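1. Quick one: sequence plus predicted model below, questions after.
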Amino acid sequence: MIRQAMRMLARDWRGGELRVLAAALVVAVASVTSVAFFADRVSRALVRDAHQLLGADLVLVSDHAWKPAIADEIVRRGLERAEAITFISMTRTGEGDAAKGQLAGVKAVSEKYPLRGRLRIAPAPNAPDAVAQAGPARGTVWIEERLVTALDAPVGSKLRLGTGTFEIAAVITLEPERGANFFNIAPRLIMNVADVPATQLVQTGSRVWYYLYAAGAREAITAFEPWAKQQLERGQRIENLENGRPEVRASIERAERFLGLTALLAAILAGVAVALATRRFVERHLDGCAVMRCLGATQPRLLALYGTEFLLLGMAACAAGCVIGIAAQEALAQVLSGVLRADLPPPSVLPAVQGFLVGVVLLLGFALPPLVQLKNVPAVRVIRRESGGPKGTAIAAYALGLATLAGLLIWQAGDLKLGSYVVGGFLVAVIGFALVAWVGLRMIASAPLARRIAGGNVALRYGLANLRRHSRGNAIQVASLALGLTAVLLLTFTRNDLVDAWRRSAPPDAPNRFLLGVQPEQLVPVKQFFAANRIEVPDLYPMVRGRLTARNGSKVSDADFSDERARRLVEREFNLSFTDAPPAHNSVTAGKWFAPGAREVSVEEGIARTLGWSLGDELTFTVGSESFSANVTSFRKLRWDSMKVNFFVIAPPKLLEGFPASYISAFRLPPGNERLMLDLTARYPNVTVVDVGAAVRQAQGVIDQVIVAVQFVFLFALGAGLLVLYSALVATEDERRREAAVMRVHGASRRQVTGSQRVEFLAMGLLAGILATAGAAAIGQLLARRVFELDLPLSPELWIAGPLAGVALLSLNAWLSARKVLRASPALTLRDAV
Amino acid sequence: MDTSHDSSENRVVLKASGIGKTVKSGESDLVILREIELAVIAREAVAIVGASGSGKSTLLAILAGLDTPTVGTVHIDGTDLFSLDEDQRAELRGRTVGFVFQSFQLLPALTALENVMLPLELAGRADAESEARQILARVELGERLGHYPRHLSGGEQQRVALARAFVVRPKLLLADEPTGSLDTESGDSVIELMFELNRSFGTTLVMVTHDEHLAGRCARAVRLAGGRIVS
């Protein structure tokens, strides 16, 4: 049996009957496994580096300095201890015209850091690196290669950080806690923690994280952890091997899910190609099966033979898909290497199993239903050909395959709602596209319209008539082409349109710099600096960092909330501001602005909604060791995209004046004055100037890499879409060839034959292009309004390129198809068709 | 007494009794065959002739067990065809019956050799290839083993079909207008070959044709008109 099936497989393969089917399976499996292999490597890296990721066995993280008692307890229990603090700051090099500045992610570490894992450093970029035996010596810093480039600061040169000057002693090539560097934007600078006071960077209003690292015997760690947990205050947490770096895991999981979903969409498209290709295979084997039934093959035997043949093919295709998947994941890892700063271990075999599973699901779900028809071919077909023609396979027959794939999608989405949205969206798109295509094709080809368009042109008339006659098959082709094109258009035009719209949404005079950390005594000189340099003096807003501790007298904790954003908001310190009048770009939407001196606050309406606050609520905030309470008496609406300084909570000055405050501002720096900012930060080193454009550009760099990765995976979806298109086209090829032969027998010229095909394909291409354009534009609008909250104008480029792409693709196909049709002799074609 | 086994020479290989076939055509019943009685003894060559629509192809399909009669029975080599289910009938065909069709019915993806090997392979025969080569040499296509049907002329295709029919040494060969798709010359040569193989393998032949000349070459002709045997 297996030998016979293998022989049949070899013969059918040679006949070219199975290639599309195999290609569809290969694409599906390659698509799924490329992402799965990649995800597997990343998660294995996370497991492997769990210790290194933490830099210790246990890490205590806090947004304010640790009490010495806790640090002492680590040592008292015989554990090793290290410390670190991190913050963002400007780094500067050079003087005068040669001055350069760059924001850096500063990490100041104690001598023993890291307790687990090693830092690796090199004497120069691209030079061989080595394990660092100890942290940076006092007076020196180690910097990442990106910072070397940005500051033009080679090893050995000087760098200024706050009020301190440091020698660059090495280039960092590998940082433990690399988890912190996944999706890291600001380049890293590592310094000695003892040098931090010299920089004077840690001041009121600075956002600083304090770390305590502990490592040692497992029992000692296990005993220490619960003790430490009891000492935790608000804003403090413990990271261990199990929960370590939840934010890293979460963001990686999100990225993997998205890539996985894209990969599965490719698999679903491939499923359509498998179904179409199998249908054609079945149509072409009906006669052969009838003959085999005549020659003594029983129904079970036929089913077993073809089933085995397909299974063998499926296994071979899955294996090939896995091999391509392995190669593709390597490319994926390369594309994302800039984002994912970790060397990945080799993948396990699990993703291959997953790939085979998807392959088998596609084969059983989409190839089996039409294949089963073969066994039902009545043997009498050998005498009366009209008996036992292929019936359209009922959608119900595909139900199992569709349900399994939908299940896979939902599982991959990791969330029933998101998964259902994707499955539903896909189904709606497919059905919608097919329906519109069907109606559209029939309308274009409707007799009166066609007659008017065609006039006496035979080719045109036949082409339009064909549109109508093939409307079902053509609708499927148009829908599949439209799907593939939508993906491409979305990733090319719509993405750019969105970015442009977002850029435009900021007014031309929108602030382009943020000024952070200005101390009260610096207020006057900073304002004078602006005035002296003839730059509009910016409004500087006071900012007090306080934690919400109670609402209406009851304690508030992040555990009270299930919403992730709410938990984060409560966990963090709030930026509170004080002013008498509401800021110009704010508008009060409910309640009344507070009277000067009242114990009242005004709250941004969004945060009130998220945290469930109502007008009249009494909120208690703790700043340092002191607290104050005030009633919410108004809600404000802000424009977050205005690039101005915004505060969730604003209080009357009287209420907050006694607390330590720093000042913050957003302003527009006219072009050509960039160097002034270096002067400003040189004069006031604790002040940080954030170039919004540069920050956006840096974030853009990361986003671009992720987009390239998504596009890469979309290539599979596009490949699958093209396969669907191809299989849909060849599905009608026999019929087209026969029709062309009949036309030619009855005196049609080659031009008329090709002309009628061209008309048919042109109309289909145009329709597919328009549908895809509409699809991409609709998704773009949806994203613009719901996600980015901006207006996306109609893009003329998209509306030109989309339909053109559809026409170009199908014209190419018309040309290829016409060549085939014309090359075949009509006599042979018709004889074959008897 | 079982008359089909009284002697090896006069053994009845094919026996049809009281065959009738009625199909629904809209509201009314359409009678295609009625009261057909036919017995064919071993090595006999019988032609079924009649005009288009006389029911001869339907009769052939029923005799082969490809179609079922409304009433009546068919025995092949002593076995009641319609007491068997569809799959058992297929197995019986595989063992006992060879077919030649008007439209050849060669599998387009298979070479001449593979087409002839097919019935042997389906029967699980290990010598499929050597047997197929031998018989293809006998129908003078020994040089064209690797050719696909589309590269063979009509006459050649029908010779491949003959080789495929005879390679299993069937007791009964059923032929449906075997020259219907051929010109006179190649038709003649195919018929010549068919009769020669029939003689040499000792096969019983039942052939449907509308060609009186061809029918004349058979020992007996059964004439159908309006679904009945008229002579």
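-> Nice, I can see it.
2. Show me the helices in chain B, by range?
-> Remark: helices of chain B, listed N- to C-terminal, are B:56-63, B:86-96, B:112-122, B:128-138, B:154-166, B:184-201, B:212-216; assignment by DSSP state H.
3. Quick check: which of these is nearest to chain A?
-> helix B:86-96 (1.6 Å; Cβ to the nearest Cβ). For every residue, glycine as well, the C-beta is placed using N, CA and C.
4. May I see the buried residues of that closest one?
-> B:87, B:89-94, B:96 (16 or more other Cβ atoms under 10 Å in any protein chain shown).
5. Report the separation between residue A:616 and chain B.
-> Counting by Cβ to the nearest Cβ, to the nearest Å, the separation of residue A:616 from chain B is 82 Å.
6. who's in contact with the closest residue to that residue other than its chain neighbours?
-> In space, not counting the residues next to it along the chain, residue A:616 is nearest to residue A:631; the distance is 6.1 Å by Cβ to Cβ, 6 or more residues apart in numbering or on different chains. Residues in contact with residue A:631, defined by Cβ atoms under 8 Å, 6 or more residues apart in numbering or on different chains, are A:599-601, A:616-619.
7. Give me the pLDDT for residue 146.
-> All of this refers to chain A. With respect to pLDDT, residue A:146 has a value of 79.
8. I was after chain B.
-> Confidence per residue is given as pLDDT, and for residue B:146 that number is 90.
9. Next: residue A:771.
-> Listed pLDDT for residue A:771 reads 91.
10. Residues of the stretch 201-350 of chain A that sit close to chain B?
-> Listed as neighbours of chain B in the stretch 201-350 of chain A under the rule Cβ under 8 Å from any Cβ of the partner chain: A:284, A:287-288, A:290-301.
11. Revised request: answer the last question for chain A.
-> For chain A, the contact set with chain B under Cβ under 8 Å from any Cβ comprises A:4, A:7, A:11-12, A:14-15, A:17, A:284, A:287-288, A:290-301, A:378-380, A:382-385, A:828, A:831-832, A:834.
12. From these, which land in helices?
-> Taking DSSP H, the ones among the residues of chain A next to chain B that sit in helices are A:4, A:7, A:11-12, A:14, A:284, A:287-288, A:290-294, A:299-301, A:828, A:831-832.
13. Enumerate every residue touching the residue nearest the centre of chain B.
-> Among the residues of chain B, residue B:174 comes closest to the average C-alpha position under Cα atoms, centre = their mean, at 1.2 Å. Residue B:174 is in contact with B:60, B:63-64, B:97-100, B:206-207, counting by Cβ under 8 Å, 6+ apart.
14. Would you check how far apart it and residue A:425 are?
-> Using Cβ to Cβ, to the nearest Å, one gets 57 Å for the distance from residue B:174 to residue A:425.
15. which of the residues in stretch A:321-336 are buried?
-> Under the neighbour-count criterion of 16+ other Cβ under 10 Å, stretch A:321-336 has A:321-322, A:324-326, A:328-330, A:332-333, A:335-336 buried.
16. What's the mean pLDDT across it?
-> 86.
17. what about that stretch, distance to the chain center?
-> If you compare the mean C-alpha spot of stretch A:321-336 with that of the full chain, they lie 17 Å apart, counting by Cα atoms, centre = their mean, to the nearest Å.
18. cool, and stretch B:46-66?
-> Between the centre of stretch B:46-66 and the centre of its chain there are 10 Å (Cα atoms, centre = their mean).
19. gap between the two ends of that stretch?
-> Distance across stretch B:46-66, first residue to last, is 19 Å (Cα to Cα, to the nearest Å).
20. Can you pull the residues of chain B lying near chain A?
-> Counting by Cβ under 8 Å from any Cβ, the residues of chain B lying close to chain A are B:57, B:60-61, B:64-67, B:86-88, B:90-95, B:99, B:101, B:103, B:105, B:107-110, B:114, B:118-119, B:121-123, B:150, B:154, B:164, B:168, B:176, B:181.
21. for residue A:102, helix, strand, or coil?
-> In three-state terms, and counting by DSSP: H, G, I helix; E, B strand; the rest coil, residue A:102 is strand.
22. List the contacts of it.
-> So residue A:102 contacts A:90-91, A:147, A:150-151, A:187 (Cβ under 8 Å, 6+ apart).
23. which of the ones in helices among the residues of chain A next to chain B count as buried?
-> Neighbour-count burial (16+ other Cβ under 10 Å) is assigned, among these, to A:4, A:7, A:11-12, A:284, A:287-288, A:290-294, A:299, A:301.
24. residue contacts, residue A:604?
-> Contacts of residue A:604 were listed using Cβ under 8 Å, 6+ apart, and they are A:635-638, A:646-649.
25. Check these for the minimum pLDDT and say which it is.
-> Within the contacts of residue A:604, pLDDT is lowest for residue A:638, at 78.
26. Does the nearest residue to that residue once chain neighbours are set aside lie in a helix or a strand, and which?
-> If the residues on either side of it in the chain are set aside, residue A:638 comes closest to residue A:646, at 4.8 Å by Cβ to Cβ, 6+ apart. Taking DSSP states H and E as the criterion, residue A:646 maps to no regular element, lying outside all helices and strands.
27. Please look at residue A:646 and residue A:637 and confirm they touch.
-> No - under the criterion of Cβ atoms under 8 Å, residue A:646 is not in contact with residue A:637, lying 10.6 Å apart.
28. Which one's more surrounded, these two?
-> A count of neighbours by other Cβ atoms under 10 Å in any protein chain shown puts residue A:646 above the other of residue A:646 and residue A:637, at 19 against 13.
29. Strands of the stretch 201-350 of chain A, residue ranges please.
-> With DSSP state E, counting those that start in this stretch applied, the stretch 201-350 of chain A shows strands at A:209-215, A:236-239, listed in chain order.
30. list the buried ones in the longest one?
-> It refers to strand A:209-215. Neighbour counts using 16+ other Cβ under 10 Å place A:210-215 of strand A:209-215 among the buried residues.
31. Off-centre distance for the longest strand seen in chain A?
-> Using DSSP state E to define each element, chain A has its longest strand at strand A:80-93. Per Cα atoms, centre = their mean, the displacement of strand A:80-93 from the mean C-alpha position of its chain is 30 Å.
32. Going by neighbour count, which residues in it are buried?
-> Judged by neighbour count using 16+ other Cβ under 10 Å, the buried positions of strand A:80-93 are A:81-93.
33. for that strand, packing partners?
-> In this structure, strand A:80-93 makes packing contacts with helix A:68-76, strand A:100-109, helix A:145-151, strand A:158-161, strand A:209-215, helix A:674-683, strand A:688-691, judged by 3 or more Cβ pairs under 8 Å, 6 or more residues apart in numbering or on different chains; DSSP states H and E.
34. In a strand, the residue nearest to residue A:616, correct?
-> Yes - counting by three-state DSSP, one finds residue A:631 located in a strand.
35. quick revisit: select from the buried residues of stretch A:321-336 every entry located in helices.
-> Secondary-structure check on the buried residues of stretch A:321-336 using DSSP H: residues within helices are A:321-322, A:324-326, A:328-330, A:332-333, A:335.
36. export the residues you listed to CSV and tack on distance to residue A:529?
-> Formatted as CSV, those follow (distance: Cβ to Cβ, whole Å):
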residue, distance to residue A:529
A:321, 63
A:322, 63
A:324, 60
A:325, 58
A:326, 58
A:328, 54
A:329, 53
A:330, 52
A:332, 48
A:333, 48
A:335, 44
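37. Closest one of these to residue A:122?
-> Of all these, residue A:333 has the smallest distance to residue A:122: 22.2 Å, by Cβ to Cβ.
38. Tell me if I'm right that the closest one and residue A:346 touch.
-> No - counting by Cβ under 8 Å, no contact exists between residue A:333 and residue A:346, whose distance comes to 11.0 Å.
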